[in-house]
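Engineer: Return atomic coordinates for the entry below.
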Amino acid sequence: MKIGIFNETDIDLKKEIKILKKVLKKGLEIENISKCEFNVIIVRNDYIHELNKKYRGKDSDTDVITFALEDDKTFNPEERVLGDIYISIDKVYSQALEYNHSIIREFAFLGVHGLLHLLGYDHLDKESEKIMFALQDRILDEVGITK
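Structural biologist: Next comes the predicted model:
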């Protein structure tokens, strides 16, 4: 598996990125995916705001946005190229404070949330939200990241 993590900010995130990789690998393990490739790009609010406006038509910041390459459900199980996850580091900090989480927990949560979107999970209704959020919690718990 190939997980590219690119820090496009001026913030030193070595510790956070190390934990993020561990969490993402656990998510793939739980989903029984061993051969795949995707990227995580860490950006500031202004950049993710522009992505959200351009690609989703929403003129606002967001915490995480994904660009899945398997949206049509056709993929090669031997060489899955999942897509890209963009995470706003500014939202990580503000939401950690808002939800009374550690920075690590919020960062890992957003990474897992993005990964699950790349894998086809969503939270458009109560049932799909229940499934996706339970899986997010399981992944974080198995790596020892709690609220």
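Engineer: Could you list the low-pLDDT ranges of the chain?
Structural biologist: For the chain, the stretches flagged by pLDDT under 70 are 71-78.
Engineer: where along it do the strands fall?
Structural biologist: Using DSSP state E, the strands of the chain run over 2-7, 36-43, 64-68, 80-88.
Engineer: and those strands, which is most packed in?
Structural biologist: strand 80-88 (a mean of 22; mean count of other Cβ atoms under 10 Å). In short, each C-beta sits where N, CA and C put it, glycine included.
Engineer: Run the chain-centre distance for it.
Structural biologist: 7 Å (Cα atoms, centre = their mean, to the nearest Å).
Engineer: Given that strand, what are its sheet partners and their directions?
Structural biologist: If you go by DSSP bridges, strand 80-88 pairs up with strand 36-43 (parallel), strand 64-68 (antiparallel).
Engineer: hmm, back to that, and the strands of the chain as JSON lines, adding distance to K126?
Structural biologist: Listed next are the strands of the chain as JSON lines, based on distance: least, Cβ to Cβ, whole Å:
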{"stretch": "strand 2-7", "distance to K126": "31"}
{"stretch": "strand 36-43", "distance to K126": "28"}
{"stretch": "strand 64-68", "distance to K126": "21"}
{"stretch": "strand 80-88", "distance to K126": "24"}
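Engineer: Nearest to N52, out of the ones you listed?
Structural biologist: With Cβ to Cβ as the measure, strand 64-68 is the member of the strands of the chain nearest N52 (6.0 Å).
Engineer: and for that closest one, what are the contacting residues?
Structural biologist: Contacting residues not belonging to strand 64-68 are listed as 48, 51-52, 55-56, 82-88, 91, 110-111, 113-114, 117-118, 120 [Cβ atoms under 8 Å, 6 or more residues apart in numbering].
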